[in-house]
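Trainee: structure for this input, please:
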Amino acid sequence: MVEVAVVASLLIAFGIGSNDASNALGICIGAGIIKLKRAIFLFGILVFLGILLQGQKVMKTVGKNIVDVNMSIVIVVLAISAILIIISNWRRLPLSTHQVIIGSLIGAAVASDSAVNIVSIIKIVVSWIISPFVAMGFSFLLYKTLEKTISKFPFFQIEKLLRAFLIFSGMLISYNTGANELATVLGPLMHSGIEINKILLFSIASVMVFSGAILLSHRVIETVGKGITTLDPYSGFAAQFGAGGCVLFFTFLGMPISTTYCIIGGISGVGLTKGISTVKFGLLKKIAINFAVTPSLAFLFGYLALKLIYS
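Mentor: Numbering: from 1, shown residues only. You can find the predicted model right below:
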C-alpha cells in the first residue's frame, strides 16, 4: 500500500514538471531570453533545492494541519490528483496542483469521517483568492517603477539588465516550485506515519519534476508565455518577479498557494499597464472557470473513492 502512495506522488511530481515548468520558463521562453532545454535543466536543480531547504512548513500545513490523514486517504488523494493534473496539462490549461490535492484531501477525509480543520481550510482558500491579486499588484507597481528608473538608461544597457533580471526571477519561481508546489504533493506522504528516507524521496520527486518538464511542459508554456498578453523582457520580468515574490511570501507563512495562478496574475498586472484591451479576457475566463471547477471535482472524486473503499 505504501508503494502505491509513493508511485502516485511521483506521478504528480511528473505532472508538476509538465504543468508548472511553464510558471518559471514560459515568460523567459516567450520573450526569447533562454532556450527551452537549458532553462529546464536549471529548473530541475532549483526545484530540488526548494523542497530540501524550505519545504517543511508547507508540508506540515498540507499533511498535518488540514485533516487527520491515514494511508487510505493518502493513496486516494494522490492517485486522483495525478490523473486530473496530467489530463488538464494534456488539454493545455494551467492547473493548480494545490487545489487538486487539497480538494481531494478534504473530500476523502469527509467520506471517512476523519477530523477536518475548518480554520486551516478557510486560511488556505483566502490565500488562494488573494494571492493572484497580490501578484498582479506587485507586478503592476514593479513595471511602473522600472519605467521611471532604468528606462532612462541606454537601450543596450537596459536590455542586458532585463535579461539578467528575467533569469533571476525565473530561478525564484523554480525554487518556489520545490518549496511550495512539490511540498504540497509530498506533505500527506511525509505526515502519514510511514518510515521513509526524505532525502531519497526529495531526490526522486525532483527527477520526476524534471522529466515532466522535459517531456510535456512545452504544451502549457505556449499558453502562459504567449496566450494571455504580449510579453517582452521588460514586462516579462515585472510579471515573473512579482509572482515569485508573492509565492515566496506565502511560503514563509506555510500557505500552499498556486504558483500557476500567481504568474497569471502577474502577467495580467503588466498587461493592465499597457491598457485593458491588451489582456485576453477570454482565456482568463477559461482559467477562472478551471479555478472553481477543479477543487470541486477533486473533492467529489475524493469523497466517492473513499466511500467505495469503505462500502
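Trainee: the helices in the stretch 1-150 of the chain, which residues?
Mentor: For the stretch 1-150 of the chain, the helices defined by DSSP state H, counting those that start in this stretch occupy 2-30, 36-54, 56-60, 71-90, 97-111, 118-148.
Trainee: in the longest one, what's buried?
Mentor: Looking back up the chat, that one is helix 118-148. For helix 118-148, a neighbour-count test (16 or more other CB atoms under 10 Å) marks 120-121, 123-124, 127-128, 131-132, 134-140, 142-143, 146 as buried. Using the backbone N, CA and C atoms, a C-beta is placed for each residue, glycine as well.
Trainee: for the next helix or strand along the chain from that helix, what is the average pLDDT?
Mentor: Following helix 118-148 in sequence order, the next helix or strand is helix 155-176 (DSSP states H and E). In this model, helix 155-176 has a mean pLDDT of 85.
Trainee: pull the CA atoms of helix 155-176 into CSV?
Mentor: Extracted C-alpha coordinates of helix 155-176, given in CSV (Å, rounded to 0.1, in the frame of the first residue of the first chain):
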residue,chain,number,x,y,z
PHE,A,155,19.0,50.9,-24.7
PHE,A,156,21.6,48.1,-24.8
GLN,A,157,22.2,48.5,-21.0
ILE,A,158,18.5,48.2,-20.3
GLU,A,159,18.3,45.0,-22.4
LYS,A,160,21.2,43.5,-20.7
LEU,A,161,19.9,44.2,-17.2
LEU,A,162,16.4,43.0,-18.1
ARG,A,163,17.7,39.7,-19.4
ALA,A,164,19.6,39.1,-16.2
PHE,A,165,16.6,40.1,-14.1
LEU,A,166,14.4,37.7,-16.0
ILE,A,167,16.7,34.8,-15.5
PHE,A,168,16.8,35.6,-11.8
SER,A,169,13.0,35.8,-11.5
GLY,A,170,12.7,32.5,-13.3
MET,A,171,15.1,31.0,-10.8
LEU,A,172,13.0,32.3,-8.0
ILE,A,173,9.8,30.7,-9.4
SER,A,174,11.7,27.4,-9.9
TYR,A,175,12.8,27.5,-6.3
ASN,A,176,9.2,28.2,-5.2
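Trainee: counting contacts, what elements does that helix pack onto?
Mentor: For helix 155-176, the elements it packs on are helix 2-30, helix 36-54, helix 233-252, helix 259-273, judged by 3 or more CB pairs under 8 Å, 6 or more residues apart in numbering; DSSP states H and E.
Trainee: dump the ones you listed into CSV; add mean pLDDT as well.
Mentor: Listed next are the helices and strands packed on helix 155-176 as CSV, based on pLDDT from 0 to 100:
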stretch, mean pLDDT
helix 2-30, 76
helix 36-54, 88
helix 233-252, 86
helix 259-273, 81
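Trainee: point out the most buried one among the ones you listed.
Mentor: helix 259-273 (a mean of 28; mean count of other CB atoms under 10 Å).
Trainee: same for that helix, what does it pack against?
Mentor: In terms of contacts (3+ CB pairs under 8 Å, 6+ apart), helix 259-273 is packed against helix 2-30, helix 118-148, helix 155-176, helix 218-226, helix 233-252, helix 281-310.
Trainee: need these in JSON lines with distance to Ser206, can you?
Mentor: Formatted as JSON lines, these follow (distance: least, CB to CB, whole Å):
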{"stretch": "helix 2-30", "distance to Ser206": "8"}
{"stretch": "helix 118-148", "distance to Ser206": "24"}
{"stretch": "helix 155-176", "distance to Ser206": "11"}
{"stretch": "helix 218-226", "distance to Ser206": "19"}
{"stretch": "helix 233-252", "distance to Ser206": "17"}
{"stretch": "helix 281-310", "distance to Ser206": "24"}
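Trainee: how about these, which one is nearest Phe210?
Mentor: Across the helices and strands packed on helix 259-273, the minimum distance to Phe210, taken as CB to CB, is reached by helix 2-30, at 6.1 Å.
Trainee: quick one, what contacts Val293?
Mentor: By CB atoms under 8 Å, 6 or more residues apart in numbering, the contact set of Val293 is empty.
Trainee: mind checking pLDDT for it?
Mentor: Reported pLDDT for Val293: 81.
Trainee: roughly how far does it sit from Ala305?
Mentor: As judged by CB to CB, to the nearest Å, Val293 and Ala305 stand 18 Å apart.
Trainee: swap in Ser139?
Mentor: Applying CB to CB, the value for Ser139 to Ala305 is 39 Å.
Trainee: how about TSV for the helices of the stretch 1-150 of the chain, with distance to Ala179 added?
Mentor: Shown next, in TSV, are the helices of the stretch 1-150 of the chain (distance: least, CB to CB, whole Å):
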stretch	distance to Ala179
helix 2-30	12
helix 36-54	4
helix 56-60	7
helix 71-90	19
helix 97-111	13
helix 118-148	15
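Trainee: right, and these - which one's nearest Ala183?
Mentor: Smallest distance to Ala183 across these (CB to CB): 3.9 Å, for helix 56-60.
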